[in-house]
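**Q** the following block contains a protein sequence and its predicted model.
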Amino acid sequence: MSDDPKPARSAPPRRTRDETRSLVLEVAARRFSRASYEAVSLDDIAAESGVRKANLLYHFTSKEQLWYDTVDHVFAEVERFYAEREGDDPKTWGDLRGFVRTYFEACRLNPAYVLIPLIEGATANWRSEWIAERHLKRHVHDFDLYVRRLIAEGVLPPIEPVHLQNMLTGGVQHFVANAAVWERALGVDTRDKAFIDGYANSVVGLLERAWGDRTEA
């Protein structure tokens with residue numbers, strides 16, 4: 001039998017600064033989408049991410065700053081997903097169809113985008129105010145312009161943009177946010193791609209039957 005010493009086990013590769021930051025943001029997004037800000041601790045996030053708390057605080061100076069950066073990260077991911085798939089100059093019914101399907105898929109893939117605003121938006125506090133000022137107002141403004149372009153092109157009839165926005169976003173957000181209840185009631189995962197795709201097709205079909213003959217598809 002050989003008496004040669006066993007080779008030393010190599011240490012796992014060290015993460016880069018950006019890799020550590022991205023990992024913590026992903027874990028924080030999951031944590032903050034399961035419970036309110038007060039119910040989540042930095043210790044929880046550090047333990048789940050495998051990052052020492054002192055190192056976490058090197059990247060994010062406080063729990064409040066981590067929450068801000070997490071929400072920014074979540075919204076940026078959804079906006080990047082949309083920008084890669086949709087144009088910003090809608091002129092046809094096909095553009096609206098694409099928008100609905102892309103938005104529904106973005107919500108399915110990024111539940112924190114749905115859940116964090118729902119959790120924090122139920123109460124008037126610094127977090128709901130910050131989400132509204134930094135993100136929701138921008139989304140409302142952008143969708144308002146989007147709908148008004150489609151109205152000007154004759155694709156949509158005159159309609160209050162924010163009403164249409166909530167018609168389109170409310171249902172899919174409900175299926176994503178309350179998936180556990182729906183699965184118990186229906187026996188299906190309402191976050192599943194096939195389910196969300198089917199729901200998007202139903203919504204698109206209803207809109208097309210109501211308004212689709214106003215212009216060419």
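**A** Yep, that arrived.

**Q** contact partners for the residue nearest in space to the middle of the chain?
**A** A centroid search over the chain (CA atoms, centre = their mean) returns Tyr113, at 2.7 Å, as the residue closest to the centre. By CB atoms under 8 Å, 6 or more residues apart in numbering, the residues touching Tyr113 are 74-75, 77-78, 106-107. C-beta: built from backbone N, CA, C; applies to glycine.

**Q** just Asp44 next, same as before
**A** Arg31.

**Q** ok so, going back, most neighbours, which of the contacts of Tyr113?
**A** With neighbours set by other CB atoms under 10 Å, the maximum within the contacts of Tyr113 is found at Val74, which has 25 neighbours.

**Q** quick check: that residue touching Pro111?
**A** No - the criterion here is CB atoms under 8 Å, and Val74 misses it with Pro111 at 9.5 Å.

**Q** show me what counts as buried in the lengthiest helix in the chain.
**A** Longest helix of the chain, by residue count under DSSP state H: helix 63-83. For helix 63-83, burial by neighbour count (16 or more other CB atoms under 10 Å) applies to 63, 66-71, 73-75, 77-79, 81.

**Q** pipe the residues you listed into CSV and attach pLDDT per row.
**A** Listed next are these as CSV, based on pLDDT from 0 to 100:
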residue, pLDDT
Lys63, 97
Leu66, 98
Trp67, 98
Tyr68, 98
Asp69, 98
Thr70, 98
Val71, 98
His73, 98
Val74, 98
Phe75, 97
Glu77, 96
Val78, 95
Glu79, 93
Phe81, 94
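
**Q** what ranges does this protein have for its helices?
**A** Under the criterion DSSP H, the chain contains helices at 17-34, 42-49, 53-59, 63-83, 93-109, 111-121, 126-131, 137-152, 161-177, 179-186, 193-211.

**Q** now Phe60. Nearest residue, chain neighbours left out?
**A** Leaving aside its chain neighbours, Phe60 sits nearest to Leu66 (3.9 Å; criterion: CB to CB, 6 or more residues apart in numbering).

**Q** pretty sure that neighbour contacts Ile45?
**A** Yes - using CB under 8 Å, Leu66 makes contact with Ile45 at a distance of 7.2 Å.

**Q** shared neighbours, the two?
**A** 24, 28, 56.

**Q** let me know the closest of those to Arg149.
**A** For the shared contacts of Leu66 and Ile45, the minimum distance to Arg149 (CB to CB) is 36.0 Å, reached by Ala28.

**Q** find the nearest non-adjacent residue to the closest one, please.
**A** Thr70 (4.3 Å).

**Q** again with Trp130
**A** Per CB to CB, 6+ apart, closest to Trp130 is Tyr68, 7.2 Å.

**Q** so that neighbour versus Lys137, what's the distance?
**A** Between Tyr68 and Lys137 the computed distance is 16 Å (CB to CB, to the nearest Å).

**Q** again, but for Val203
**A** 25 Å.

**Q** between those two, which one's more packed in?
**A** More crowded of Val203 and Lys137, by other CB under 10 Å: Val203, with 18 against 11.

**Q** done for today, thanks.
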